[in-house]
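Got a predicted structure plus its sequence, pasted below:
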Amino acid sequence: MASDWKLVIHGGAGGIERKSMTPDKDREVRAGLDRALQAGEQVLAGGGRALDAVAAAVCVLEDDPNFNAGRGSVFTWDETHELDASVMDGSTLAAGAVTGVSTTKSAVGLARAVLEKSPHVFLSHEGADRFAREQGLEQVANSYFSTPERRQQLERLKAHKVSALEVEYKFGTVGAVALDASGHVAAATSTGGMTGKRWGRIGDSPIIGAGTYADDRACAVSATGHGEHFIRVGVAHEICARIRLAGQSPQAAADAVMAEVKGLGGEGGVILVTPGGKTIYAFNSAGMYRGTASASGRSVAIYSDER
Ligand code: ASP
C-alpha cells in the first residue's frame, strides 16, 4: 500500500542553548542537517527503501565534522577513535551493528554490510574492520576522524578531571528514522561515543533495542544521550513495545520512556516515525539538533522552543 514517506534525523541532544552557539556554528549545523535530509529525501521521493534513506542521511552526518560520528568523532582516553553504529529494517527485523570500529570510514555503511552481507547482527573492533575490508568498504587512518576541537575537549577532560558532558555541553551522536512509500520503517544511528571513554566502553548507539530499533508493527527509533542509562532502560525497544503491546500513543510512549531515563539521571532524546506517518521528537535536554522531511518540505531545528 502506498503511504506518504517521512524522514526524521537527529544530530545529538543536550545543553544546547542560544548562548552556547555562535551564529556560524548555528548556520553550519542547520546546513549539515539539511544536507542529510536531502540525501534521505532523494531516496524516499524516488520510491526507495527506508533502510537506504536512513543509511544515506546518517552517512552525510558522519562526513560532517560538526557531529560526533565519523569525522569529528570524540576522542577515547587513549587519544584514538572507536566508532559505533547500527541499522535496523522494520519490515523484516533484520539488523546490523558494529562497535569499536577504527579504520572504516563509514560505521553506518559497515553496520549495513553486517545486516546485508553477514550471517551476524553485531561485530566488534578489529574483526569488524576486517569484515569491512573484505567487503571492500573504504578504509582510512584513525586520525582521519580527528578534529582540533575534539582533541581540546579530551585535553580539558583530563586536565580538569571532569566528565564528558562537562567538556561538551551535548551529545553529538547522529541518527535517522524513515517511513517509505511502501509503508516500511527503518532506523540508523552512528557515534564516536563519549569523550574519554576507556576500557572498551560501549554505549547504547550500536545496541539493537537500546539506541536503535525498528518494527513495522510499532515504529522506528534512534536515540542520543547518556548511553549507560539508555542501555539500562532498553529505550528503543521499550518505546516500540509500549506502542505495540500496551497500545500507547507514540508520543506518550516516547515521553514515558524518556522520563524513565531521566529518573535514572540520564539526559538525551529520541526520534520516531510510525508506519502511520507520525513523526515524533522527545528529549529531556535543553535542545536537540533535529530535522524532518516529507513530500511537503524540509525543516531543521536546534533549540527546544523551535517547532
Ligand atoms: N549515546 C552515545 C553514547 O553513549 C552518546 C551520544 O548520544 O552522543 O555513546
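Structure's in. What do you need?

So for stretch 286-298, what gets flagged as buried?
286, 287, 288, 289, 290, 291, 292, 293, 294 (16 or more other CB atoms under 10 Å). Where C-beta positions appear, they are placed from N, C-alpha and C, glycine not excepted.

What of stretch 138-158?
Here stretch 138-158 shows 145, 146, 150, 153, 154, 157 as buried, counting by 16+ other CB under 10 Å.

Mean confidence (pLDDT) on it, please.
In this model, stretch 138-158 has an average pLDDT of 95.

which residues are in contact with that stretch?
65, 70-75, 77, 79-81, 83, 102-106, 129, 132-133, 162-164, 166-168, 192, 195-196 (CB atoms under 8 Å, 6 or more residues apart in numbering).

least confident pick among the buried residues of stretch 286-298?
Minimum pLDDT across those falls on residue 286, with 81.

Return the residues in contact with that one.
So residue 286 contacts 14, 15, 16, 17, 303, 304 (CB under 8 Å, 6+ apart).

Now do it against residue 303, distance only.
If you measure residue 286 against residue 303 using CB to CB, to the nearest Å, the figure is 8 Å.

Mark which of the buried residues of stretch 286-298 are part of strands, please.
Counted as lying in strands by DSSP state E, out of the buried residues of stretch 286-298, are 287, 288, 289, 290, 291, 292, 293, 294.

Excluding residues flanking it in the chain, which one is nearest the second one?
Across the structure, with CB to CB, 6 or more residues apart in numbering as the measure, the residue nearest residue 288 apart from its sequence neighbours is residue 13 (3.8 Å).

who are the neighbours of the host helix or strand of the one you found, in terms of helices and strands?
Using DSSP states H and E, residue 13 sits within strand 6-14. Contacting strand 6-14 under the criterion 3 or more CB pairs under 8 Å, 6 or more residues apart in numbering; DSSP states H and E are the following elements: helix 23-45, helix 50-63, strand 174-179, strand 219-225, strand 268-273, strand 279-283, strand 287-294.

So for residue 167, what pLDDT did the model give?
For residue 167, pLDDT reads 63.

swap that for residue 1, sorry
pLDDT at residue 1 comes out at 48.

which bits of the stretch 201-307 of the chain sit near the ligand?
By the rule CB under 6 Å from any ligand atom, the part of the stretch 201-307 of the chain lying against the ligand is 203, 204, 205, 211, 224, 225, 226, 227.

right, and the third one touches residue 85 too?
This points to residue 205. Yes: with contact defined as CB atoms under 8 Å, residue 205 counts as touching residue 85 (6.8 Å).

Between the two, which contacts overlap?
Counting by CB under 8 Å, 6+ apart, the common neighbours of residue 205 and residue 85 are 189, 190, 191.

could you measure the second one against the ligand, distance?
Distance of residue 190 to the ligand, computed by CB to the nearest ligand atom, to the nearest Å: 10 Å.

and that residue, how many neighbours?
36 (other CB atoms under 10 Å).

tell me the mean pLDDT over whichever strand or helix holds it?
Following DSSP H and E, one finds residue 190 within strand 185-191. For strand 185-191, the mean per-residue pLDDT is 98.

re the thing from before, please indicate which of the contacts of stretch 138-158 are buried?
Using 16+ other CB under 10 Å, the buried members of the contacts of stretch 138-158 are 65, 70-75, 81, 83, 102-106, 129, 132, 164, 167-168, 192, 195-196.

Skipping adjacent residues, who's closest to residue 81 in space?
Spatial nearest neighbour of residue 81, excluding adjacent residues (CB to CB, 6+ apart): residue 145 at 4.1 Å.

ok so residue 236 is a strand residue?
No: applying DSSP: H, G, I helix; E, B strand; the rest coil, one finds residue 236 to be helix, outside a strand.

coming back round to it: now the element after the strand holding residue 190, going C-ward?
In N-to-C order, the element after strand 185-191 by DSSP H and E is strand 212-215.

who touches that following strand?
By CB under 8 Å, 6+ apart, the list of residues contacting strand 212-215 reads 50, 86-90, 93, 95, 97, 175, 177, 185-189, 205-206, 220-223, 236-237, 239-240, 244.
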